[in-house]
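Undergrad: No sequence on hand, only this structure:
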């Protein structure tokens, strides 16, 4: 049994439709053996209009072949207090997105949901072509908007209990989703992650609350959430399930600049997780019943082996995209892991996760775990933060478990020869001591673990301090294993305490497989990302992070996730993440040459917590720059690019050592002004030169020439304040200056730099003095700098001699500033008002640079100046230390829909002396249309005697849709109608009160059978489309018995009684004829063969229609009936030329009796002619005829020049490069429109513009412009 409830109509005579308004109110009903497999649900409520309703209460659905209830594109439907037993999934579904609003599914019991793939015990073939969500089908599937899902219980489902998108986090009262329960299911709740999200509809945070799950075979709550950065789970209870909560959050870009942001989080609060409520000896429950495990997509064995523990929460995984579970296994990432995000668990209880289960069984014991991570996430593991945790009947040893890296990933197409980083660099933070004990602390996974397959060195059983898992010692970067004196004892110098994370004072927890660090300093995530162009190709790992307390953590980078032509791409992103302990220093060595440009940050740690990192540089001949938020943070020993030590000698910087010299400032974690080894107290803001910049500020940096280490202070900051470190290549050289002391050199320093700049042909501000070393001994004819006094040449001028004194000058030549565009393509929605074009200054940041730009109409671009954009030009100035400027280019929104983008150009035209333009000098700016396409004309839906209802919809496709979230979402409808007969219609009148989610509207205030036409326009982004075409004519209904014959009525005698010739539906009764119209008078002599001229138009003595005289004794259209006497039988014949083709007697009828127009005077087809028929407003079938070659454009002909030009082909197409108008065809493009004066006209010149004319199938080659001057008054 099935019920179908939808809007529908019966087509009656004359094109008039009778509408029936659907309504269903069902209660206390049993529907048995319901539905049709893969065709129709038991009750299918589809696209009800605003007048329809569907209410189901206390309905029993007993055994079905499809789902029980499907609400599709319908709002306000209700299913309450009903029972569904043994249904094909989904049992209850709400479909239609924003067109399905405020439906109610409340207080229902749903039992035994059968999966599509296992229905009737047969695995469905070809499943991979099905919709992906079918693999996670739920008993209650919500794809609507604002659905009320309240107080439902799912008892037994081969897939999920519930599926949906949650509710907005602003719904803190849980108005729409609450008090639901699921048990004996694969998963309790499954986030509908394949649904396209709109920020306008779904916001940035979704919530699930007041939900109970028990005995879930896989997950209590699972989902891969796309484009929604925050998920909140509150007041849930999960018991006896393999994993209580596991989410993967996705939808953000990859490297470079792959950082997702600081608001990515899963927040779990006020919840209860029960590990195993059965007897202590109870082992793994039985496999699911029915045929669930027959499908290859069920993965029954992964989480449910005999010794598989139960987990309360898996930490959320963050990645670029989902893994498309369950098409691919739920637990594996198939995209790059993304930095940022965390899992926060607060005010929650983990009960009965303690002890050893299955004691004495043949499988051994099982340890249930409260919090863990999924093994199959190879890249970044986000941290977990705990607070206000309660652990009744849960041993603290069963609180956590860290997973080891997957050994099989040590392969060429994954992580090559090292373990992947993810499982070796995760941590859990206890904020208040409720989980780890004490005042709180951190739990760390064993970073010192190396899988047996790691190809890194030799066994070191005696040498390894990590006896619990130390099988291998990997090779650290070569720069740590050697120095200028030879090999280095790595164990003694770098990791005397072993490999792994800094963990002094921590204790090993065997069940955790990790370290417990109670009352320890904060740990944060040290994140390093290569920004070089070859960041996927050039390997710089292993990267060694050596802590000052004697540990070394080795990092590998991301796994290869790419697919190139069905093979892995063998590309790995060089991104590294590891937990580091705050308050201490770390030395970092890359394998091979360090990246020229990289970002670095310290995340997931409170502000004020810091680490000091020292990066070893193989490349010495470069200057390192640190940028924070687009602003240069200069080396603490530099000022305006010049070394302070040199400025002191030059007299332009104050000495700081008490002896007139300069002692280098150092960076520090806790000292704001560290000069050498001394921490000085400085009154900031007094102008003290001791420390012009703090030693301990975020980004404070120092290049240590002696050690080759670049030292940087990192503080816990949000992602937008991470550091960008870039090496600027410089030429460093030394030059001997004889017969000159150090003091004398500084007196002549400017002359030296100026002379050297002239020699090299570069601006003098690109030369920096690094050092001046006394005591050279070189042969020379004369010094480069002439001495101030007389020349002292004992052997005479020009004689070479050995100078006993002089200096070596070490100097750097930096590259000139390079200015270029950050991007070469920009695309914005046309209503953006501006396009922010970013201009970057690179390499040299120590001078002021000005760059000039212009906006212009580029060749091949489609944007029109003064229409889409105004012509503009200007300049930007980069002050010292600034590397980014922005130009906001003005744009205009043009009314009306266009399927293509409007494009124009932006270019850099000049740059100041000493700088140069880079390769990116030109950008194409594109404007994306935001006006929706014109919708189709509204269609008739229903009518009464006083109104007409029309339905409408947006255009089915939108080429190049807007970029903004929800850009194609309808925001408003304008529906207008007008009444009146054709040719005398009234003005358009808007229908008031049309809501954004309405699909129909009613035009009221009509008289009976009044003619109406309507049109509609749609808004999206607040922008209107054009109006649709006018609808076909519609009419209000007639009223039988109102004494006026209208529409399909055959008579109207002013009453609705039968037996008087005109029945209750205003149809002529058999044997009667009616005439008079207002009202009709009927007689019973019709069809007797005797014409009664007072009441009959004809009478041919039969009841047949189609012979000229109808059964109602009326003359039919296209006929003429005559009688030789008043009581004689009528004779009827067709009338040729009356504009109605009678198919039985006429080949055509074009409404005239002329020959030569395709239809002859005898209504016969003429030679070479074709005719088609169309119904007129009077109901006649009028012929339209055409003759190709007669020089007259008729019917469907596109041209007819009687063959004069040869360009008109069979009157149906035109040769490219020609145009035809009427009977004349001409070659060439169409004439351009009249030119218009442009806004850039000046007092001495006039600029004209015109649109490109239609080329008629060819491109316009050139324009010929004639200009005539007209004098004033002439």
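TA: Structure's in. What do you need? This is a predicted model, so every value here is computed, not measured.
Undergrad: how far away is residue 272 from residue 435?
TA: 16 Å (C-beta to C-beta, to the nearest Å). For glycine as for every other residue, the C-beta is placed from the backbone atoms N, C-alpha and C.
Undergrad: what's the answer for residue 92, then?
TA: Distance from residue 92 to residue 435, by C-beta to C-beta: 40 Å.
Undergrad: Among residue 272 and residue 435, which residue is more densely surrounded?
TA: Using other C-beta atoms under 10 Å as the criterion, residue 272 and residue 435 rank with residue 435 on top: 26 against 18.
Undergrad: Run a quick neighbour tally on residue 814.
TA: 23.
Undergrad: can you check residue 1124 too?
TA: As a burial measure, residue 1124 scores 9 neighbours (other C-beta under 10 Å).
Undergrad: cool, and residue 33?
TA: Using other C-beta under 10 Å, residue 33 is surrounded by 12 other residues.
Undergrad: go on, residue 1249?
TA: Using other C-beta under 10 Å, the number of residues around residue 1249 comes to 15.
Undergrad: For residue 700, see how far away the residue nearest to residue 502 when sequence neighbours are not counted is.
TA: Nearest residue to residue 502 in three dimensions, chain neighbours excluded: residue 547, at 3.8 Å (C-beta to C-beta, 6 or more residues apart in numbering). Noted for residue 547: a distance of 20 Å to residue 700, by C-beta to C-beta.
Undergrad: the more surrounded of the two?
TA: Neighbour count, other C-beta under 10 Å: between residue 547 and residue 700, residue 700 has more, with 28 against 23.
Undergrad: List the contacts of the more buried one.
TA: Under the criterion of C-beta atoms under 8 Å, 6 or more residues apart in numbering, the neighbours of residue 700 are 633, 636, 667, 693-694, 712-713.
Undergrad: I'd like to know which of those residues are buried.
TA: Neighbour-count burial (16 or more other C-beta atoms under 10 Å) applied to these gives 633, 636, 667, 693-694, 712-713.
Undergrad: quick one: which of those is nearest residue 761?
TA: residue 633 (31.7 Å; C-beta to C-beta).
Undergrad: What does the pLDDT read for the closest one?
TA: Looking at residue 633, its pLDDT reads 94.
Undergrad: go on, the one 4 residues further on?
TA: On the pLDDT scale, residue 637 is placed at 93.
Undergrad: tell me, how many neighbours does it end up with?
TA: 20.
Undergrad: got it, and residue 723?
TA: 23.
Undergrad: Model confidence score at it, please.
TA: Per-residue confidence (pLDDT) for residue 723: 94.
Undergrad: Run through the bridge partners of it.
TA: Going by DSSP bridges, residue 723 is paired in beta bridges with residue 600, residue 628.
Undergrad: ok, it - contacts?
TA: Contacts for residue 723 (C-beta under 8 Å, 6+ apart) come out as 599-601, 626-628, 633, 699, 712, 714.
Undergrad: Repeat the analysis, applying 10 Å as the threshold.
TA: 528, 598-602, 613, 626-629, 633, 698-699, 701, 712-714, 717 (C-beta atoms under 10 Å, 6 or more residues apart in numbering).
Undergrad: From these, list the buried ones, please.
TA: Buried members of those, scored by 16+ other C-beta under 10 Å, are 528, 598-602, 613, 626-628, 633, 698-699, 701, 712-714, 717.
Undergrad: hang on, residue 592 in a strand?
TA: No. Secondary structure of residue 592 (DSSP: H, G, I helix; E, B strand; the rest coil): coil, not part of a strand.
Undergrad: how about the residue nearest to it when sequence neighbours are not counted, phi and psi?
TA: Spatial nearest neighbour of residue 592, excluding adjacent residues (C-beta to C-beta, 6+ apart): residue 540 at 5.8 Å. Dihedral pair for residue 540: phi -120, psi 20, per degrees, to the nearest 10.
Undergrad: and the helix or strand harbouring residue 808, how far out from the chain's middle?
TA: Residue 808 is part of strand 806-813 when elements are defined by DSSP states H and E. Centre-to-centre, strand 806-813 and its host chain are 55 Å apart (C-alpha atoms, centre = their mean, to the nearest Å).
Undergrad: helices and strands around it, which ones?
TA: Judged by 3 or more C-beta pairs under 10 Å, 6 or more residues apart in numbering; DSSP states H and E, the packing partners of strand 806-813 are strand 731-738, helix 742-747, helix 749-760, strand 767-774.
Undergrad: Distance to residue 971 and mean pLDDT for these - can I get that in TSV?
TA: TSV is the format used below for those (distance: least, C-beta to C-beta, whole Å; pLDDT from 0 to 100):
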stretch	distance to residue 971	mean pLDDT
strand 731-738	60	86
helix 742-747	71	85
helix 749-760	62	89
strand 767-774	59	85
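Undergrad: Could you dump the ones you listed into TSV and include distance to residue 158 and mean neighbour count?
TA: Formatted as TSV, these follow (distance: least, C-beta to C-beta, whole Å; neighbours: other C-beta atoms under 10 Å):
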stretch	distance to residue 158	mean neighbour count
strand 731-738	71	16
helix 742-747	86	16
helix 749-760	78	14
strand 767-774	73	17
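Undergrad: What's the separation between the closest residue to residue 1210 other than its chain neighbours and residue 1168?
TA: Computed as C-beta to C-beta, 6+ apart, the closest residue to residue 1210 that is not its neighbour in sequence is residue 1188, at 6.6 Å. From residue 1188 over to residue 1168 the distance is 7 Å, taken as C-beta to C-beta.
Undergrad: Same check on residue 979?
TA: Taking C-beta to C-beta, one finds residue 979 at 44 Å from residue 1168.
Undergrad: Check this structure for its longest strand and report it.
TA: strand 205-226 (DSSP state E).
Undergrad: Just the buried positions in stretch 589-608, please.
TA: Result for stretch 589-608 [16+ other C-beta under 10 Å]: buried residues 589-591, 594-605.
Undergrad: Kindly report the same for stretch 1150-1169.
TA: By 16+ other C-beta under 10 Å, the buried positions in stretch 1150-1169 come out as 1150-1151, 1157-1160, 1163, 1166, 1169.
Undergrad: Stretch 1215-1225 too?
TA: For stretch 1215-1225, the neighbour count (16+ other C-beta under 10 Å) marks 1215, 1218-1220, 1225 as buried.
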